[in-house]
Every structure is written in C-alpha cells, then in structure tokens.
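> With the input below, show me the fold.
(one chain, ligands or ions: 1)
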Amino acid sequence: MALLNILQFPDPKLRTVAKLVTLFDDELKQFVNDMFETMYEAPGIGLAASQVDRHVRLLVIDVSDKKDAPRCFINPEILKSTDEDRMDEGCLSVPGYYEPVTRAGHVWVRAQDVKGEVFEIEAEGLEAVCIQHEMDHLLGRLFVDYLSPLKRNRIRSKLLKQQKQL
Ligand code: NI
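Next up, the predicted model:
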C-alpha cells in the first residue's frame, strides 16, 4: 500500500481527459487499494484517478458514515439521470473550499469492477453527487468550473499563494 500524491488546483494536469481502462491486472488492483488508502487518509469521500496524475477512467468513493462502504467504478457511464440536488461540494484538489453546485439528484450508472465485471447501480443524494463530481475529474473538469469566474479566480489565487509558501 502507498499513499499517492494528490494534485492541487490550478495544476494543469487536472485538466487531462482520462482514457479507458483496458487491462484488469494485479497492478490495477494495487492501484485501487492505493486510491482507497489515499482517500481515507486525506480524508475524503471520493477520489478520481486524475487527481493522483493517473489519467484512466477510474474512481473510488465511500459516502458512508462509518467508512465501511468502499465502491470502485472503472470506465463509468451515466445511463440516466433525473431530479436536481444542490449541495456544498469540496474537493481534495481544492482544499479548504466548499461551494454549492447543482447536479442530478438521482443517477443510474454502469461501470466495471476491479476484475472487469460490468455492474449497474442506482444512486441518490450525496452518493449521486459524489459520483458525478468524480466523473467530472475524469473529463478534466472541477467543481470550481461551476462557480462564477470571480469566485474561481479568487480560489485560484489563494491556493497558488499557499502552494508557493510550501
Ligand atoms: Ni474532487
């Protein structure tokens, strides 16, 4: 197991569009374990491979209170989405900022598990929002993209300043 380094906004690597996962081997299993370890340690409720500079369509989430419901989605696609939900979102790549974003409140997702088996799930509320947030990362999109340019630029300059001080 290993903790992976999480890229921070406005790192341009976060804008990379991820490619499909085609090889379901032991290395992928190890990577998924590292993704979970990194997400729990952060701590966060979701992490996309793009955030750790691996540009493949893979994400992990755990929105449970007890942190005992790990879910991994490989090559995810949204089959259908309905309703609307607006909640405060944060992101491990945008540390310290929480802003409301409107997304679908109910989604049907098809994905593959770590063995390559296809599965489908239906998600609502926080879980639905979390999946959509992480799927955005795979397209190089961040939650700050939904904010006004003024707000986004303010967050960008504050984070850049912090990153220079490290
Ligand atoms: Ni995020």
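
> which residues of the chain fall in helices?
In the chain, the segments counted as helices under DSSP state H are 26-41, 125-138, 149-165.

> The shortest one - contacts with which helices or strands?
Applying 3 or more CB pairs under 8 Å, 6 or more residues apart in numbering; DSSP states H and E, we find helix 125-138 packed against strand 46-48, strand 58-61, strand 71-82, strand 85-89, strand 99-103, strand 106-112. (Each C-beta comes from the backbone N, C-alpha and C, glycine too.)

> pLDDT wise, what is the most centrally placed residue in the chain at?
Nearest to the geometric centre of the chain sits E134, at 2.7 Å (CA atoms, centre = their mean). Here the pLDDT value assigned to E134 is 98.

> Kindly format the C-alpha coordinates of stretch 135-151 as CSV.
C-alpha atoms of stretch 135-151 as CSV (Å, rounded to 0.1, in the frame of the first residue of the first chain):
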residue,chain,number,x,y,z
MET,A,135,-16.7,11.5,-13.1
ASP,A,136,-16.1,15.2,-13.9
HIS,A,137,-12.5,14.8,-12.8
LEU,A,138,-12.1,12.1,-15.5
LEU,A,139,-13.0,14.7,-18.1
GLY,A,140,-10.6,17.2,-16.6
ARG,A,141,-13.5,19.2,-15.0
LEU,A,142,-13.5,20.5,-11.5
PHE,A,143,-16.4,21.7,-9.2
VAL,A,144,-14.9,25.2,-9.3
ASP,A,145,-15.8,25.3,-13.0
TYR,A,146,-19.4,25.7,-12.0
LEU,A,147,-18.7,28.8,-9.9
SER,A,148,-18.6,32.3,-11.2
PRO,A,149,-15.2,33.3,-12.8
LEU,A,150,-14.8,35.8,-9.9
LYS,A,151,-15.1,33.1,-7.2
